[in-house]
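>>> make a model of this:
(one chain, ligands or ions: 1)
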Amino acid sequence: MTPSAEPLTFRKMHGAGNDFVVIDSRGRSRVTTPALAKGLGDRHRGVGFDQLAELHDDPEADFALDFWNADGTTAGACGNATRCVAWLVMRETGRDRLTLRTERGLLEAVLRNGRVWVNMGAPLTDWREIPLSGPQDTLHLPLPGDPVGVGMGNPHCVFLTHDAEGVALEEQGRAVEHDPLFPERTNVEFISLLGKDHLRMRVWERGAGVTLACGSGACAAAVAAALRGLTGRQVVLDLDGGRLEVDWQDNGVWLTGPVAEVFTATITADFLATL
Ligand SMILES: N[C@H](CCC[C@H](N)C(=O)O)C(=O)O
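Residues are numbered from 1 along each chain as shown. Reported below is the predicted structural model:
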């Protein structure tokens, strides 16, 4: 299916190495389809990304965002892409506070000391909200390794380990992503304590595999670590691609970290016609 007969312009960005194609569809209808996401997500034949984020207009917010994984599936949340796009819109408008809409509802982004913080909303700890396949104590999921289940608008399964470095990330990540406990599959995080309120984290993402960072995953990991008494509610996380910071406040889980804009480019109509 051709989403558009016209060439399509996009931006490439990343947040701590978690990379994105950003498509700006404000002022027109959405263009992304599962075939477009999958085609562009191919790092050999397309552009390559962990997630695709598409901006569109919203009557109640400054903009709205949809997220797609590289396998062509959608995601209800993406913290790093939210930070990146909020940064772009702040630069464009000169504003230091924005409201945006994702599947989670209205979220806030603020610029503080040159860094964009986004409120990813309250963590979801009820089994139905993650979701799990049946009633479970989400603080101790019935899987080897005793992980914590946390929803951030998307599902997360967080393993508290002695050494996140030593984990067989691909093998375990893939198996847990597809465990029947998670009817919508799950993102999988492995964390270990490096110091006071300082975590090492490695991540396997649903629909994308191993990524260098995951913002909603960092939020879920910080919530899991705080709930299990490993840390307080303000946590620094060292991921493979850089450092993210999480501050779990009463009004939601706030996230910040580095943002990079890499290039703008145009996808040819010929490529789009092959999808
Ligand atoms: N990298 C993203 C999360 C993508 C989550 C996605 N893989 C899913 O299917 O939920 C982040 O920064 O939050």
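
>>> for the host helix or strand of Asp247, packing partners?
If you go by DSSP states H and E, Asp247 is part of strand 242-249. Contacting strand 242-249 under the criterion 3 or more Cβ pairs under 8 Å, 6 or more residues apart in numbering; DSSP states H and E are the following elements: helix 215-227, strand 234-239, strand 252-256. Every C-beta, even on glycine, is put in place using the N, C-alpha and C of the backbone.

>>> identify the residues contacting Cys214.
Contacts for Cys214 (Cβ atoms under 8 Å, 6 or more residues apart in numbering) come out as Asn18, Gly79, Asn80, Asn187, Glu189, Val203, Glu205, Leu239.

>>> if you could redo that for Gln234, that was the one I meant.
By Cβ under 8 Å, 6+ apart, the residues touching Gln234 are Asp197, Glu245, Val246, Asp247, Trp248.

>>> just Thr102 next, same as before
With Cβ under 8 Å, 6+ apart, Thr102 has these contacts: Ala64, Leu65, Asp66, Phe67, Gly76, Ala77, Thr82, Gly153.

>>> in which helix or strand does the residue nearest to the third one when sequence neighbours are not counted reside?
In other words, Asp66. Computed as Cβ to Cβ, 6 or more residues apart in numbering, the closest residue to Asp66 that is not its neighbour in sequence is Glu54, at 4.8 Å. Using DSSP H and E, Glu54 sits within strand 51-56.

>>> chain center to the following helix or strand past that strand, what's the gap?
Next in sequence after strand 51-56, counting helices and strands by DSSP H and E, comes strand 63-69. Between the centre of strand 63-69 and the centre of its chain there are 10 Å (Cα atoms, centre = their mean, to the nearest Å).

>>> now stretch 103-123
Using Cα atoms, centre = their mean, we find the averaged C-alpha position of stretch 103-123 to lie 13 Å away from the chain's own average C-alpha position.

>>> what about that stretch, near the ligand?
No. Stretch 103-123 does not reach the ligand (Cβ under 6 Å from any ligand atom); its nearest approach is 8.0 Å.

>>> pull up the distance across that stretch, start to finish.
According to Cα to Cα, to the nearest Å, stretch 103-123 extends 14 Å from its N-terminal end residue to its C-terminal end residue.

>>> quick one: the strands in the stretch 51-200 of the chain?
If you assign secondary structure with DSSP state E, counting those that start in this stretch, the strands in the stretch 51-200 of the chain sit at 51-56, 63-69, 74-75, 97-102, 105-112, 115-119, 148-151, 155-160, 187-195, 198-205.

>>> list the helices and strands the first one packs on?
Right, strand 51-56. strand 18-24, helix 34-41, strand 63-69, helix 79-93.

>>> what's near enough to touch the spatially closest residue to Trp204 that is not a sequence neighbour?
If you skip the residues right next to it in sequence, Trp204 has Gly173 as its closest partner in space, 2.4 Å away by Cβ to Cβ, 6+ apart. Listed by Cβ under 8 Å, 6+ apart, the contact partners of Gly173 are Val188, Val203, Trp204, Gly209, Val210.

>>> near the ligand, which residues of the stretch 1-150 of the chain are found?
Of all the residues in the stretch 1-150 of the chain, those lying near the ligand are Asn18, Asp50, Gln51, Asn69, Ala75, Ala77, Cys78, Gly79, Asn80, going by Cβ under 6 Å from any ligand atom.

>>> tabulate the residues you listed in JSON lines, adding columns for distance to Arg115 and pLDDT.
Putting these into JSON lines (distance: Cβ to Cβ, whole Å; pLDDT from 0 to 100) gives the following:
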{"residue": "Asn18", "distance to Arg115": "16", "pLDDT": "98"}
{"residue": "Asp50", "distance to Arg115": "21", "pLDDT": "98"}
{"residue": "Gln51", "distance to Arg115": "21", "pLDDT": "98"}
{"residue": "Asn69", "distance to Arg115": "26", "pLDDT": "96"}
{"residue": "Ala75", "distance to Arg115": "24", "pLDDT": "97"}
{"residue": "Ala77", "distance to Arg115": "20", "pLDDT": "97"}
{"residue": "Cys78", "distance to Arg115": "18", "pLDDT": "98"}
{"residue": "Gly79", "distance to Arg115": "14", "pLDDT": "98"}
{"residue": "Asn80", "distance to Arg115": "13", "pLDDT": "98"}
